[in-house]
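[1] please find the sequence and the predicted model below.
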Amino acid sequence: MSRIIFPRAPLRVAAPLLVSLLLSLGGCYVIPIDNQGRPSNIAYSPVPPPYPVLPPAPSQINLVARLYPANDAAASTGILIGQVVNNLNGRGTFNVNAGSESFTGEATRSGQDAHQGNANAAGSRGGYVRCAYTMNTSSQGSGECTFSTGGRYTMHLGG
């Protein structure tokens, strides 16, 4: 009886070729194609982050200061409108116009209670204004201002 002998040489050649073919396919990627066989122009949105993205915290708050006359010396100028910029660090800037004079200065929180503060401003014509105020929140408060002319005003800050 005769034996059939299979040559081992083709297996020795085929095995490395098969392994190299499988390894070379590891760097492939899929490109979507349209109905005509061309690469598709589908835009993919990026994966959202696993946590909510919050907007940056404000670095300052702009407040409107409304000054209402509180004595006869202030009545002649009427209601004054100014601006306070709260820098959210216990300090800020203060601006107001009274008649033909512009006042510019700063506001600072004071004392044990961080809700109370003082604002002082110098005028463009040599006058000055001093205010004491109390903030109910970071964007709303009230106080009193006294001008070098003797005018006293009740001040309301914010909305």
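    Great, that's in hand.
[2] any weak-confidence spans in this protein?
    Residues of the chain that meet the criterion pLDDT under 70 lie in 1-15, 17-19, 21-31, 42-45, 111-113.
[3] and if we set it to 90?
    Residues of the chain meeting the criterion pLDDT under 90: 1-59, 86-90, 109-115, 137-139, 159.
[4] correct me, but residue 77 touches residue 69?
    Yes: Residue 77 lies in contact with residue 69 (C-beta atoms under 8 Å); the separation is 7.2 Å. (Each C-beta comes from the backbone N, C-alpha and C, glycine too.)
[5] give me the common contacts of these two.
    residue 151 (C-beta atoms under 8 Å, 6 or more residues apart in numbering).
[6] what about residue 85, how many residues nearby?
    16 (other C-beta atoms under 10 Å).
[7] for it, what are its contacts?
    With C-beta under 8 Å, 6+ apart, residue 85 has these contacts: 60, 61, 62, 63, 92, 93.
[8] walk me through which strands whichever helix or strand it is part of pairs with, and which way each runs.
    Using DSSP states H and E, residue 85 sits in strand 80-86. Next to strand 80-86 in the sheet, as set by DSSP bridges, lie strand 61-69 (antiparallel), strand 91-98 (antiparallel).
[9] could the ones you listed go into TSV alongside mean neighbour count and distance to residue 148?
    What follows is the strands paired with strand 80-86, written out as TSV (neighbours: other C-beta atoms under 10 Å; distance: least, C-beta to C-beta, whole Å):
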stretch	mean neighbour count	distance to residue 148
strand 61-69	18	14
strand 91-98	19	10
